[in-house]
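Trainee: Fold the following for me, if possible:
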Amino acid sequence: MPNDVSVRPAARHRSAAALLRGLPLADGRVAIFAALVAVLGLGAGLARTIALEQTRDWTVYEQAAARLVEGKPLYLDRAATTDGLYLYPPAAAALWAVVGSPEALLAAKLAFLCMVGTLALVVTSSAASRLTRWLVAAALIVVAVAAPPELHDFALGNVMAFYIGAVALSVAVPGWLGAVPLGVVCAVALKPVIGPYLLWLFISRRSDAVRVAITGLAVSVVVAAAIGPERYVEYLSALPGMSSMFHQSGGNIGLSAVAAPLAVVGLIVAYVGTVFASRRLSLHSSAAVAIAAGLLAQPTLGFNYLGLLIPAAALLWSNAPRAGLAAIVVLPPLAIVSAPLAAALVMVLAFATPGGRPGPLAGAQAAAVGTTFDPAPSG
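Mentor: Here you go, the predicted model:
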């Protein structure tokens, strides 16, 4: 019975594929559910504590804008002020002087966090329906807005929400559309946390890195023309003094809070790990490493920085669903214990699963491994 012999392997293959499709750990619906439960549960538990936050970072921008308008120095010596230090490029003060207010800042941050929804293009298959992608995008936005780090960012009036949205859009949408918001954010509120991701962009998608640089330079030139180039000379002169952030203690959960030499080690690990990942891992896994590495590259961290792990975990899941699900479940509580450890976990999981799929896959392939969010599996 030659026909029976030839059919049995195919039948066994179909049975194995069907079993693999049924594994819940590789099902995107489980990942989304786990993310929503973890984020909303933790957010509800920490909401009262976050509401007690008394620091208001936006007052630093307001004071800098006032000094800019009055022709006073933008960058103050730490010993000369009891207020928070203004550390951003002059563009942030100039922008606040024109349209700045806590309400405008909150509205802009919510708009940027909506960009996290574009990660649905990464984590869904090409076979997923439009409705499925919209539902996934909505779930990602809810996670981004309701995550405790972002609730903390809202309370502080800080700018990390802009980074989270801009990075998500940059990863999900190559080209000018993804590059311009990130370039604007870097021109207005440059932070060390974005360094590893910019390096990854330069190695992996150089044309997009050039677009980000052009955008940032263009914004800076326009601002310099409006307020005077001497303000940027002042900024460059003040940069070496900003190394004092290595010794900041209040509100710092970064490696420098443990020891300044450890922060230097973290900085080296962040950039070396990004280069190595860019050369050895898939596009999405290496991007996850670069985004997480930013939390090691930034010597001082606030709890609001941890929102960057949202796009990192989504990218990790898109390439290695089981590792991504582990990150989704473990990261929220681990982030409360140690921000650097949470970042290191993403990096370790990415390197531990180098053979993952470099998603997003085509519909037939995605159905074969059971990682599509589409609730209707292929036959």
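Trainee: After the longest helix seen in the chain, which helix or strand is next? Please name it.
Mentor: Assignment by DSSP state H gives helix 28-51 as the longest helix of the chain. Scanning forward in sequence from helix 28-51 by DSSP states H and E, the next helix or strand is helix 58-70.
Trainee: picking up where we left off before, average pLDDT across the longest helix of the chain?
Mentor: Averaged over helix 28-51, pLDDT sits at 81.
Trainee: can you check stretch 181-195 too?
Mentor: Rounded mean pLDDT across stretch 181-195 is 96.
Trainee: send the alpha carbons of it over as PDB?
Mentor: Provided in PDB are the C-alpha atoms of stretch 181-195 (Å, rounded to 0.1, in the frame of the first residue of the first chain):
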ATOM      1  CA  PRO A 181       9.300  62.300  15.200                       C
ATOM      2  CA  LEU A 182      12.400  60.700  16.600                       C
ATOM      3  CA  GLY A 183      14.600  63.400  15.000                       C
ATOM      4  CA  VAL A 184      12.400  66.100  16.600                       C
ATOM      5  CA  VAL A 185      12.500  64.500  20.000                       C
ATOM      6  CA  CYS A 186      16.300  64.200  19.900                       C
ATOM      7  CA  ALA A 187      16.600  67.900  18.800                       C
ATOM      8  CA  VAL A 188      14.300  69.000  21.700                       C
ATOM      9  CA  ALA A 189      15.100  66.700  24.500                       C
ATOM     10  CA  LEU A 190      18.300  64.700  23.800                       C
ATOM     11  CA  LYS A 191      19.100  62.000  26.500                       C
ATOM     12  CA  PRO A 192      21.800  59.300  26.700                       C
ATOM     13  CA  VAL A 193      19.000  56.700  26.800                       C
ATOM     14  CA  ILE A 194      18.500  57.000  23.100                       C
ATOM     15  CA  GLY A 195      22.200  56.400  22.200                       C
END
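Trainee: Off-centre distance for it?
Mentor: 12 Å (CA atoms, centre = their mean, to the nearest Å).
Trainee: again, but for stretch 297-307
Mentor: For stretch 297-307, the distance to the chain centre is 11 Å (CA atoms, centre = their mean).
Trainee: Extract the C-alpha set from that stretch and format it as CSV.
Mentor: The C-alpha coordinates for stretch 297-307 follow below in CSV (Å, rounded to 0.1, in the frame of the first residue of the first chain):
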residue,chain,number,x,y,z
ALA,A,297,23.5,53.7,28.9
GLN,A,298,21.6,56.3,30.9
PRO,A,299,23.6,56.7,34.2
THR,A,300,20.6,58.1,36.1
LEU,A,301,17.1,56.6,35.7
GLY,A,302,13.7,57.5,36.9
PHE,A,303,10.9,55.0,37.1
ASN,A,304,9.3,56.7,34.1
TYR,A,305,12.1,55.5,31.8
LEU,A,306,10.9,51.9,32.1
GLY,A,307,8.2,52.5,29.6
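Trainee: still on that earlier bit, show me what the longest helix of the chain is packed against.
Mentor: Under the contact criterion of 3 or more CB pairs under 8 Å, 6 or more residues apart in numbering; DSSP states H and E, helix 28-51 touches helix 130-146, helix 148-156, helix 309-319, helix 321-337. Placement of C-beta: from N, CA and C, glycine included.
Trainee: SS state for S126?
Mentor: When classified by DSSP: H, G, I helix; E, B strand; the rest coil, S126 comes out as coil.
Trainee: circling back: can you redo the helices and strands packed on helix 28-51 as a markdown table with distance to A209, mean neighbour count and mean pLDDT?
Mentor: Putting these into a markdown table (distance: least, CB to CB, whole Å; neighbours: other CB atoms under 10 Å; pLDDT from 0 to 100) gives the following:
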| stretch | distance to A209 | mean neighbour count | mean pLDDT |
| --- | --- | --- | --- |
| helix 130-146 | 24 | 19 | 91 |
| helix 148-156 | 26 | 23 | 90 |
| helix 309-319 | 17 | 30 | 92 |
| helix 321-337 | 25 | 21 | 88 |
